[in-house]
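Engineer: Pasted the sequence and its predicted model underneath.
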Amino acid sequence: MFNKSIRSKNLLVTGGAGFIGSHVIRRLVNKYPEYHIYNLDALTYAGNLENLIDIEGKENYTFLRGSITDEDYVSTIFKEYRFEGVIHLAAESHVDRSITDPLAFAKTNILGTMLLLNAFRALWKDNWKGKRFYHISTDEVYGSLGKTGFFEETTPYDPNSPYSASKASSDHFVRAYGETYNIPYVISNCSNNYGANQFPEKLIPLFINNIIHNRPLPVYGDGNYTRDWLYVIDHAIAIDLVFHKGINKETYNIGGFNEWKNIDLVKLLCQHMDEKLGREKGGSEQLITYVKDRPGHDLRYAIDASKINRDLGWSPTVTFEEGLSKTIDWYLANEDWLNNVTSGAYQQYYELQYQ
Ligand code: NAD
Ligand code: TYD
């Protein structure tokens, strides 16, 4: 392997071909020509290099195909490229899949994170000046809120799904490596993201795709579950800030100050879709179908993002109305992308999940 950019600072982003990772990579590659960004991604069903087509030829960008669970490969690339910073997003990320196959989540999210930490530690030993391991996590580690209250950085972890348990565990390992081996780390826990390039298994892109194809919209339980939604570009901006300005060993909660009950969100989405597709008002809402609830379904997530706002000056730049409209426009303009990712294995997943 040849290091193209000996004079630049080499950063590793894991999971960069996925939804959030691709927005992070685009931002870093365009904004920091002095960095060389390496994107390590296994290209699972959720990883797609089409997400990065606009930057794939850039001088300061290299794609590395491999798994964070492949110890030899991880160790080889750390030795070869001497990454000074790691922004770790690679994960199995879908709660429903974690209910079907929890072990896959333990392997990728826990073991994979530990192997990255081990390789980082082995490379730099005690020479930590200017180095940073940034672990991207989720608000789901905090469990479920009742009707009131917010998740703060000090809220005790109380995960309920195999996905959130695996993320909680990986957060603990990052912290433990920081305490035990002095690895300089930061962690952020973000609320539900939405935007372009999200795989259509998550609520918003799944329902956009189903509305386009006049398929039922499977609302779990009574639909009275609440999530806080953040536009993905605002998450990418926050990640850039935390990576550069966050304080070592700190956690930052990132959220949209934007809570929606699922059913209200779905109805709003239906209204937008009717307008954009030139359908009769109320047409898409008729597709709403209440289905069996998700086991262990968390009632409500809500983030208190005042720490990142106060300490790093971050707040969302895009309103929900604007972000949702842009997101729908992207999916309508990129039907080929949607068709590509929903062919093949997706059909089997869909049959099993929504039989
Ligand atoms: P995603 O599922 O869209 O993408 C995950 C990426 O990781 C894919 O490109 C996939 O190929 C890659 N990957 C999976 N297993 C891998 C492995 N073993 N080795 C290397 N690459 C592997 O996920 P996302 O929604 O972009 O989430 C990214 C990160 O952000 C995750 O850590 C997730 O827990 C966290 N997060 C997501 C949200 C959200 O709403 N999507 C919210 C908060 C935090
Ligand atoms: P999802 O997008 O899977 O994110 P998360 O589980 O990480 O919050 O789901 C968002 C909400 O939408 C959650 O309360 C579950 C609900 N949901 C449905 O009602 N139907 C669906 O088909 C999906 C995928 C989710």
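Structural biologist: Thanks, I have the structure now. A quick note: this is a predicted structure, and the numbers were derived from the prediction, not measured. Ligands and ions are numbered 1, 2, ... in the order given.
Engineer: what does the protein have sitting close to ligand 2?
Structural biologist: 95, 192, 202, 203, 206, 218, 219, 220, 225, 227, 262, 294 (Cβ under 6 Å from any ligand atom). Heads up, the C-betas are built off the backbone N, CA and C, glycines and all.
Engineer: And for the protein, the residue most distant from the center?
Structural biologist: Largest separation from the mean C-alpha position in the chain: residue 280, at 34.4 Å (Cα atoms, centre = their mean).
Engineer: Thought residue 271 was touching it, still the case?
Structural biologist: No - the criterion here is Cβ atoms under 8 Å, and residue 280 misses it with residue 271 at 11.8 Å.
Engineer: gap between the residue nearest to residue 166 when sequence neighbours are not counted and ligand 2?
Structural biologist: Nearest in space to residue 166, with sequence neighbours left out and distances taken as Cβ to Cβ, 6 or more residues apart in numbering, is residue 109 at 3.8 Å. Distance of residue 109 to ligand 2, given as Cβ to the nearest ligand atom, to the nearest Å: 14 Å.
Engineer: Likewise for residue 309?
Structural biologist: Counting by Cβ to the nearest ligand atom - residue 309 and ligand 2 are separated by 23 Å.
Engineer: can you count the residues close to that residue?
Structural biologist: 17 (other Cβ atoms under 10 Å).
Engineer: Enumerate the positions of stretch 321-334 that are buried.
Structural biologist: The neighbour-count check on stretch 321-334 (16 or more other Cβ atoms under 10 Å) flags 323, 324, 327, 328, 330, 331 as buried.
Engineer: One more: stretch 160-178?
Structural biologist: By neighbour count on 16+ other Cβ under 10 Å, the buried set for stretch 160-178 is 160-171, 173-175, 177-178.
Engineer: got it, and stretch 182-192?
Structural biologist: Using 16+ other Cβ under 10 Å as the test for burial, stretch 182-192 gives 183, 184, 185, 186, 187, 188, 189, 190, 191, 192.
Engineer: State the pLDDT value of the residue in the stretch 201-350 of the chain that ligand 1 sits nearest to.
Structural biologist: Distances between the stretch 201-350 of the chain and ligand 1 by Cβ to the nearest ligand atom are smallest at residue 202, namely 6.5 Å. Residue 202 carries a pLDDT score of 98 in this model.
Engineer: what do you get for residue 355?
Structural biologist: The model's pLDDT for residue 355 equals 81.
Engineer: what's the spacing between it and ligand 2?
Structural biologist: In terms of Cβ to the nearest ligand atom, residue 355 sits 13 Å off from ligand 2.
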